[in-house]
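no sequence on this one, just coordinates:
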């Protein structure tokens, strides 16, 4: 079955700097890769996702890149702000098959210092 | 996105007791899932709640411990049976709305077993 590894486990950056979180997956058939942000005491919120027919996707300060050959994908946050501080989870899935279930990475705790 | 409501949001439970968590969606959805998030950990899929049939459980989770119902396309319950302190977790309902196969999470149910 699918296995997702996520690095780093913690990341501290200065406000305004960029942050990059990387994930690798094992199942080459996976075709859907979402990223979730979880603030303390709250549910995971989908912030961006990418499908295997696309190499990069951007939404304002957030971008995700996918390298299918190497089986890894990354989250890029530019011009970080203190409110970006949270735990970020990557995930992988095979849609629409495999019952759409998501396999999650272990999470990255991002701290943005003012 | 769908509005996903979970009840209870929080509870403190005595060991040996059982608790049923409800998940209500404001629209019919194709897929509903239950995840567990232990303190400081990532999300682990417990099972897929199938409408009108038995749930599909992931490795390490069994129906006797986590019975699930899904009587219709908008509602599901997860019961945590014979609880022990190790069951203290956040339990999250998630759905695939079928629009772009994007998966969203409910607010979560924070359970503490004492």
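Now that the structure is in, tell me what you want to look at. The shown structure was predicted, so the numbers you read here are calculated from the model rather than taken from an experiment. Numbers count the residues shown, from 1 in each chain, chains lettered A, B, ... in the order given.

And the contacts of the helix or strand containing residue B:77?
Assigned by DSSP states H and E, residue B:77 belongs to strand B:75-80. Outside strand B:75-80, the residues that touch it by CB atoms under 8 Å, 6 or more residues apart in numbering or on different chains are B:18-25, B:32, B:34, B:46, B:49, B:65-70, B:87, B:91, B:93, B:111. For the C-beta atoms, the positions are set from N, CA and C on the backbone; glycine is no exception.

Any idea what residue A:12 is bridged to?
Listed beta-bridge partners, residue A:12: residue A:111 (assigned using DSSP bridges).

Check whether it really touches residue A:111, as I assumed.
Yes - assessed by CB atoms under 8 Å, residue A:12 is found in contact with residue A:111 at 4.7 Å.

Let me know the distance separating the closest residue to residue B:17 other than its chain neighbours from residue B:13.
Spatial nearest neighbour of residue B:17, excluding adjacent residues (CB to CB, 6 or more residues apart in numbering or on different chains): residue B:83 at 5.9 Å. Residue B:83 sits at a distance of 5 Å from residue B:13 (criterion: CB to CB, to the nearest Å).

what touches both of those two?
B:19, B:111, B:113.

Of the residues you listed, which is the nearest to chain A?
Nearest to chain A, judged by CB to the nearest CB, of these is residue B:111 at 14.1 Å.

Check the secondary structure at that closest one for me.
Under DSSP: H, G, I helix; E, B strand; the rest coil, the three-state class of residue B:111 is strand.

got a list of what it touches?
Residue B:111 neighbours (CB under 8 Å, 6+ apart): B:10, B:11, B:12, B:13, B:19, B:80, B:83, B:87, B:88, B:89, B:90, B:91.

my guess is the last one meets residue B:106, correct?
No - using CB under 8 Å, residue B:91 makes no contact with residue B:106, being 9.2 Å away.

Would you mind grabbing the residues shared as contacts by these two?
residue B:6.

And the two? Which one has more around it.
residue B:106 (26 against 22; other CB atoms under 10 Å in any protein chain shown).

Enumerate the residues of chain B near chain A.
B:31, B:33, B:41-45, B:48, B:56, B:58, B:92, B:94, B:96, B:101-108 (CB under 8 Å from any CB of the partner chain).

Many thanks, we can stop here.
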